[in-house]
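Asker: one predicted model, sequence on top.
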Amino acid sequence: MNWIYEPWQWYVAGPLIALIMFLLLIVGKQFGMSSSLRTTCAAIGAGNASGFFKFDWKAERWNLMVVVGAIIGGFIASNFMSENTVEINPEVAQQLADDYNIQSAGEHYLPPELFSLEALSDPLIIAVLLIGGLLVGFGARYAGGCTSGHAISGLSNLQLPSLIAVVGFFIGGLVMVHFIYPLIF
Amino acid sequence: MKYITYLVIGIFFGILMFKSEAASWFRIYEMFQFGSFHMYGIIGSALALGVIGVQIIKRKNIKTTDGSEMSLKPKSKGVARYLIGGIIFGLGWALAGACPGPMYVLAGAGYGSILIVIFGALAGTFLYGVVKRFLPH
């Protein structure tokens, strides 16, 4: 039963992601997780502030069901199927410890230096989490999709706009990790 | 009944994101450091099968369960919105170490701090809706 507790390898996970995309296509939907953010905004009344949120969000309730499922799935996996540790490349782990004093690679699923509730006593950490989320939400809607919508759904459908978006994702990610991290951590 | 289907797909997705470690901050950081093949393997293998599957759907004209066309409409053309929006997204992805799907998964896994990230993502989505008409698309 080790497969339950051990991390799933890429060659298991990748094909299963493709399966999820096809399951959603078969039931008439499209794999894209960030749409749920727009649906949520519309559901809590953002239509009063912008026409962008004036649409029949009830027709998009399905993506909120996927979100509820993802939350339940995260609960099940972390509580019953995982040691909640992530082993990464030892050189990267060492670099994290040396440069940013993040010592928790291999011992935790998320670094407590950033994600523990104690870390929230540092306003910088709150700003990192808040601004990180803000950029993800803004960028995903501006680009019309996120990792699932562009990198998986869009590229599977050979869409040039999705390729441009994914190139953008990596430009942004590389700039953040290589140039901005040293300035903020 | 249909809603149960979406819920089950969501649960499957949540377990998969967590177990593949795609929801781990460490894996995202490692990916942007080119420290491991893991994330590239996940996205690459999903994509390889995705491209083949979508081609089969198109050639055989496979329909959805209720007989309508599948949601495979081409994306609207353009460069600016995809490139600029993509870069903004990438900055946030690397800063928070999570993209939208894994955010929810981590909330379910009990990481309270991720709620700040989700709040930020909702605020960012809202902000886009408000300033959309001033942006190049």
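Answerer: Happy to help now that I have it.
Asker: give me the nearest residue to residue A:162, chain neighbours excluded.
Answerer: residue A:154 (2.6 Å; CB to CB, 6 or more residues apart in numbering or on different chains). In short, each C-beta sits where N, CA and C put it, glycine included.
Asker: so that neighbour sits right up against residue A:169, yeah?
Answerer: No. With contact defined as CB atoms under 8 Å, residue A:154 does not reach residue A:169; the gap is 11.4 Å.
Asker: show me the contact partners of stretch A:132-142.
Answerer: When contacts are defined by CB atoms under 8 Å, 6 or more residues apart in numbering or on different chains, stretch A:132-142 is touched by residues A:34, A:37-38, A:146, A:149, A:172, B:81, B:84-93, B:95-100, B:103, B:116-129, B:135.
Asker: now, of those, which are buried?
Answerer: Buried by 16 or more other CB atoms under 10 Å in any protein chain shown: A:34, A:37-38, A:146, A:149, A:172, B:81, B:84-93, B:95-100, B:103, B:116-118, B:120-129, out of the contacts of stretch A:132-142.
Asker: inside helices: which ones of those?
Answerer: Judged by DSSP state H, those include A:37-38, A:172, B:81, B:84-93, B:95-96, B:100, B:103, B:116-118, B:120-129 as members of helices.
Asker: and the residue most central in space within chain A, what is it in contact with?
Answerer: Nearest to the mean C-alpha position of chain A, counting by CA atoms, centre = their mean, stands residue A:147 at 7.5 Å. By CB under 8 Å, 6+ apart, the contact set of residue A:147 is A:33, A:169, B:43, B:93, B:99-101.
Asker: same thing but 10 Å
Answerer: Counting by CB atoms under 10 Å, 6 or more residues apart in numbering or on different chains, residue A:147 makes contact with A:17, A:32-34, A:136, A:140, A:153, A:165-166, A:169, B:22, B:43, B:89-90, B:93, B:99-102.
Asker: tell me the pLDDT of residue 95.
Answerer: Because you didn't say which chain, this covers chain A. Note for residue A:95: predicted pLDDT of 97.
Asker: that answer is for a different chain, and I need it for chain B
Answerer: On the pLDDT scale, residue B:95 gets 98.
Asker: pLDDT below threshold where in chain A?
Answerer: Residue ranges of chain A with pLDDT under 70: A:1.
Asker: could you list the domains of it?
Answerer: Per the record, chain A has its domains at A:1-82, A:122-185, by automatic domain parsing.
Asker: show me how far the longest one is from its chain's centre.
Answerer: Think domain A:1-82. 10 Å (CA atoms, centre = their mean, to the nearest Å).
Asker: can you check the last one too?
Answerer: Centroid separation between domain A:122-185 and its chain, computed with CA atoms, centre = their mean, is 9 Å.
Asker: mind checking the end-to-end distance for that domain?
Answerer: Domain A:122-185 has an end-to-end distance of 12 Å (CA to CA, to the nearest Å).
Asker: many thanks, I have nothing further to ask.
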